[in-house]
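> what would the 3D arrangement of this be:
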Amino acid sequence: MKKLLTIIGLAAATLAGANAQVLITQYYEGASSDKYIELTNVGTTTFNFATTTLYLGLWSNANRGGWLTDAAPTTSSSISTGTLAAGASLVLKNSSAATPSYAATAGTSNGTINFNGDDSYAIWTGSSTFSTSLLVDTFGLAAGAASIIADTSFVRTGIGSVQTTGYSSVVDITGSGFWTQITNATANSALSGTNDYIGFSSVPEPSTWALIGIGAFVMIWTIRRRRALKA
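Residues are numbered from 1 along each chain as shown. From the prediction side, this is the model:
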């Protein structure tokens with residue numbers, strides 16, 4: 001039983017990640033200035049940016065792996081006003097974004113949304129000076145991963161601990177179990193209320209994933225226990 005409780009504790013800690021409430025839930029890199037980053041409040045309470053300032057950083061080109069080593073982002077911005085309701089998403093866009101029109105209309109212009117398919121993003125809190133110890137969430141590449149996420153979109157489908165290594169390929173991203181790749185055309189034609197739609201995320205809160213993980217561990221332990229008793 002002690003071993004089971006230890007496993008349950010580890011599962012909850014891992015799946016809940018850093019207990020982050022606001023996460024990066026979609027990345028869209030399209031033609032010209034059509035760039036978007038979707039943030040979602042995956043918690044159960046309203047997130048107040050005036051109380052907890054959220055910082056967004058972009059590590060571009062040769063600096064793409066800098067988020068792993070406490071290097072300063074190429075550019076960054078802060079969100080320090082407004083609120084985000086539980087389950088709601090905030091779309092940050094390049095100021096000249098036009099497609100898809102629904103995202104361009106609803107999105108909020110942000111100077112950090114200026115990437116080209118080989119850059120990394122991270123959000124953090126606590127200080128305007130970036131430190132890996134302050135990380136909340138990332139969509140981060142390894143230093144040598146050039147142009148692997150150009151002209152495509154990724155939607156979050158799961159929650160885990162904060163990245164400690166950068167993605168080196170699309171296979172790394174989709175194989176993480178937290179992201180699904182879709183075409184920009186799919187995102188462009190997505191229906192409101194679906195996970196591919198920029199501005200909506202169906203990712204459950206971290207505690208839900210923790211409970212799912214705990215349930216799986218309990219089930220496996222029970223099966224093994226029964227087999228051991230029959231042996």
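> G144 and Y167 touch, don't they?
No: checked against CB atoms under 8 Å, the pair G144 and Y167 is beyond contact range at 11.0 Å. The way it works is simple: take the backbone N, C-alpha and C, and place the C-beta from them, glycine included.
> quick one, strands of the chain?
Using DSSP state E, the strands of the chain run over residues 22-29, 35-41, 47-48, 54-59, 75-79, 83-84, 89-93, 108-109, 120-124, 135-139, 152-156, 179-182.
> flag every buried residue along stretch 117-124.
For stretch 117-124, burial by neighbour count (16 or more other CB atoms under 10 Å) applies to D118, D119, S120, Y121, A122, I123, W124.
> again, but for stretch 192-206
The neighbour-count criterion (16+ other CB under 10 Å) identifies N195, D196, Y197, I198, G199, F200, S201, V203, E205, P206 as the buried residues of stretch 192-206.
> what sits against T74?
Going by CB atoms under 8 Å, 6 or more residues apart in numbering, T74 touches G57, L58, W59, S60, N61, N63, G66, D119.
> out of those, give me the one that has the most neighbours.
Scoring the contacts of T74 on neighbours with other CB atoms under 10 Å, the highest-scoring entry is W59 at 28 neighbours.
> on that earlier part again, now the contacts of T74 as JSON lines including distance to G87?
Output for the contacts of T74, formatted as JSON lines (distance: CB to CB, whole Å):
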{"residue": "G57", "distance to G87": "25"}
{"residue": "L58", "distance to G87": "26"}
{"residue": "W59", "distance to G87": "29"}
{"residue": "S60", "distance to G87": "31"}
{"residue": "N61", "distance to G87": "35"}
{"residue": "N63", "distance to G87": "34"}
{"residue": "G66", "distance to G87": "32"}
{"residue": "D119", "distance to G87": "28"}
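> which one of the buried residues of stretch 192-206 is nearest I37?
Using CB to CB, I198 is the member of the buried residues of stretch 192-206 that sits closest to I37, with 9.4 Å.
> so what's that closest one closest to, chain neighbours aside?
Nearest non-adjacent residue to I198, counting by CB to CB, 6 or more residues apart in numbering: A103, 4.1 Å away.
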